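**Student:** Fold the following and give me the result.
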Amino acid sequence: MSSTPTVSDPTTWALDREIVLVRVLDAPRDAVFDAWTEADAFCQWFGPDGFTCNVYEMDARPGGRARLDMTAPDGTVFTGRFDYLEVVPGERLVFDHGADVDDDPDRFRMTVTLDEQSDGKTVLTLRQLHPTAQRRTDVIGFGAVELGLQSLTKLARHLGVA
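**Tutor:** Numbers count the residues shown, from 1 in each chain. Below is the predicted model:
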């Protein structure tokens, strides 16, 4: 049997569209989960350095929605929407993330998993699955990895563990 993946192998089509970020947080996973699902906590850390956040709606349940704005240091406002597909308290969030408009062609699937370790730390894994390989290349090009890591550092500070 060949070790070369075939086109029908789902791991091959996703690799060129996926971005994965991982951070170990010295915090229990319920606290990390709450930081993702409680509006007041969320805006204390979400977004790159220098950005502020306003949440207008946060209904973290399957079929629910979050709507928010992120404001850049120069005053530019970026709208955001999460359409929740799966919510497993303390363990996993799956949502479609994009601008707060219907039919955003750049919307991507975000999977957040929280793995609690025996020492009380939590491994946070973010998986972004973009609609096309080109879109993944574009967002990496404008700094999505670095900006995402900035957000995770802000999350660690919010949790008091940075």
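
**Student:** switch to C-alpha atoms for all contacts and neighbour counts from now on
**Tutor:** Noted.

**Student:** in this protein, which spans are helices?
**Tutor:** Remark: helices assigned in the chain by DSSP state H are 10-15, 29-37, 39-42, 133-141, 144-158.

**Student:** Using CSV, write out every CA atom in the fourth one.
**Tutor:** Think helix 133-141. Extracted C-alpha coordinates of helix 133-141, given in CSV (Å, rounded to 0.1, in the frame of the first residue of the first chain):
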residue,chain,number,x,y,z
ALA,A,133,-5.9,27.2,0.4
GLN,A,134,-5.5,30.7,-1.1
ARG,A,135,-7.5,32.3,1.8
ARG,A,136,-5.3,30.5,4.3
THR,A,137,-2.2,31.8,2.5
ASP,A,138,-3.7,35.3,2.5
VAL,A,139,-4.5,35.4,6.2
ILE,A,140,-1.1,34.0,7.1
GLY,A,141,0.4,36.8,4.9
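
**Student:** Tell me which stretches of the protein form strands.
**Tutor:** 18-25, 52-58, 65-71, 77-88, 92-98, 108-116, 122-129 (DSSP state E).

**Student:** To H158, which of those lies closest?
**Tutor:** The closest of these to H158 is strand 18-25. By C-alpha to C-alpha, the value is 10.9 Å.
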